[in-house]
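any chance you could fold what I've pasted below:
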Amino acid sequence: MSEESLISFDDVIDAAYDIFLEMAPDSLEPADVALFTLQFDERGAAEVVETGADWPEHVGFDVDGKVFAEVRIGLVNESSDVLDDVFARMLISRDPDNKFCHMLWKRD
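Okay, here's the model as predicted:
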């Protein structure tokens, strides 16, 4: 698969965020949903990060880092500018003909 035929990282982030918003009320603690909603405008972020080595154990197949992207969604620490309160990790396919995503949710 050529790089040109893959979904852009910006589009991956948009899709991941839409899926997150749809699933968050059923997948997060109510306090986390409230915190994220109240803080997102000032501290919220959705970003593509290096694909974690642990994904094969979660999805049951080898993950090609060129075809799949990992998106983390959460709140940024204002003093360190680091996304350190992660509400969800998502593995999402960049192949428009092979839609796939898998979420790992924050658990207290």
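
just the buried residues of the longest strand seen in the chain, please?
With secondary structure taken from DSSP state E, the chain has its longest strand at strand 82-93. Within strand 82-93, the residues that count as buried by 16 or more other Cβ atoms under 10 Å are L83, D85, F87, A88, R89, M90, L91, I92, S93. For every residue, glycine as well, the C-beta is placed using N, CA and C.

ok, now stretch 71-82?
For stretch 71-82, burial by neighbour count (16+ other Cβ under 10 Å) applies to V71, R72, I73, G74, L75, V76.

dump these to a markdown table, plus pLDDT and secondary structure.
A markdown table is the format used below for those (pLDDT from 0 to 100; DSSP: H, G, I helix; E, B strand; the rest coil):
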| residue | pLDDT | secondary structure |
| --- | --- | --- |
| V71 | 98 | strand |
| R72 | 97 | strand |
| I73 | 97 | strand |
| G74 | 95 | strand |
| L75 | 95 | strand |
| V76 | 95 | strand |
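
quick one: the helices in this structure?
Here the chain has its helices, by DSSP state H, at 9-27, 30-43, 55-59.

and the shortest one, what does it pack against?
Helix 55-59 is packed against strand 82-93, strand 101-105, with contacts defined by 3 or more Cβ pairs under 8 Å, 6 or more residues apart in numbering; DSSP states H and E.

the residue nearest to the spatial centre of the chain pairs with what?
The chain has V71 as the residue nearest its centroid, 3.0 Å off, counting by Cα atoms, centre = their mean. As for beta bridges, V71 partners with V48, M90 under DSSP bridges.

what about the protein, any weak spots by pLDDT?
1-2, 108 (pLDDT under 70).

picking up where we left off before, which strands or helices does the longest strand of the chain pack on?
Judged by 3+ Cβ pairs under 8 Å, 6+ apart, strand 82-93 is in contact with helix 9-27, helix 55-59, strand 68-77, strand 101-105.

and R43, which of those is closest to it?
strand 68-77 (4.4 Å; Cβ to Cβ).
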